[in-house]
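1. Sharing a model prediction with you, sequence too.
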Amino acid sequence: MANSALYKIGYGLYVLTSRSADGKMNGMICNTVSQVASSPDRLIVSVNKNNYSHDIIKETKAMNINCLTEDAPFSLFEKYGFASGRDKDKFAGEQVFCSANGVPILGAYINSFMSLKVTDYSDLGSHGLFICEITDQAVMNDKPSMTYAYYHANVKPKPEKKSKGFVCKVCGYIYEGDTLPEDFICPICKHPASDFEPIK
Ligand code: FE
């Protein structure tokens with residue numbers, strides 16, 4: 001069974017921010033945020049277990065969802081999505097604003113944020129699923145929200161034609177070579193070989 005229908009699902013793009021118990025602030029790019037119940041509102045957020053944010057949120061039970069706008073530049077995706085907070089302080093040298101839960105809020109390129117408190121957790125294998133309630137929220141402006149489709153069409157750089165190999169459909173990373181190993185994991189965004197396509 002081919003997985004191609006999965007690519008027809010629409011997603012938004014967010015920066016998920018968190019703060020470890022010892023005060024380290026972190027942020028990651030996330031496309032798996034959905035409201036799944038109301039009165040009270042409940043959201044689900046799925047995070048790859050390889051991400052440092054997964055461990056922080058599992059421990060602290062707190063995160064912010066920063067809703068990105070269409071004017072967010074590719075450099076923002078590089079900053080939050082192409083490095084791990086284990087190795088790098090993604091807020092180094094910045095004046096950081098935090099919501100009441102002590103978790104950072106992005107200063108630009110967002111139209112709103114929500115502070116979430118984790119009430120339940122489900123182990124999904126590759127990912128951990130956080131079921132959350134909203135503890136705080138604000139809308140900053142009415143700019144359109146960044147979707148995955150908009151990112152692919154307008155933000156992500158196009159691969160250079162001269163390269164030979166496979167390109168990650170998620171982040172644009174290029175694997176150079178004639179065959180892509182089946183168990184290959186994108187070093188940038190951690191997506192599997194099935195998310196790569198040959199460069200034409
Ligand atoms: Fe990738």
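-> Perfect, thanks for sending it.
2. May I have the beta-bridge partners of residue 176?
-> The residues paired with residue 176 through beta bridges, assigned by DSSP bridges, are residue 165.
3. in terms of contact, does it touch residue 160 like I think?
-> No. Between residue 176 and residue 160 there is no contact under Cβ atoms under 8 Å: 11.2 Å. In short, each C-beta sits where N, CA and C put it, glycine included.
4. in this structure, which spans are strands?
-> Taking DSSP state E, the strands of the chain run over residues 14-19, 25-30, 33-37, 42-48, 62-68, 97-98, 104-105, 110-123, 127-139, 165-168, 174-176, 196-198.
5. Neighbouring strands - and their directions - for the first one?
-> Based on DSSP bridges, the strands next to strand 14-19 in the sheet, each with its direction, are strand 25-30 (antiparallel), strand 62-68 (antiparallel).
6. likewise the fourth one?
-> In the sheet containing strand 42-48, the strands it pairs with under DSSP bridges are strand 33-37 (antiparallel), strand 127-139 (antiparallel).
7. Extract the C-alpha set from it and format it as CSV.
-> The C-alpha atoms that make up strand 42-48 are tabulated as CSV, following Å, rounded to 0.1, in the frame of the first residue of the first chain:
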residue,chain,number,x,y,z
ARG,A,42,-8.4,20.0,24.1
LEU,A,43,-5.5,19.8,21.7
ILE,A,44,-3.2,17.0,20.7
VAL,A,45,0.5,17.6,19.8
SER,A,46,2.7,14.8,18.5
VAL,A,47,6.5,15.0,18.9
ASN,A,48,9.1,12.7,17.6
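8. Report the mean confidence score over that strand.
-> Averaging pLDDT along strand 42-48 gives 97.
9. quick one: contacts of it?
-> Under the contact criterion Cβ atoms under 8 Å, 6 or more residues apart in numbering, strand 42-48 has outside partners 16, 28, 30, 32-36, 53-54, 57, 63, 65, 114, 116, 119, 124, 126-134, 190.
10. and those near the ion, which?
-> On the criterion Cβ under 5 Å from the ion, none of the entries of the contacts of strand 42-48 sits beside the ion.
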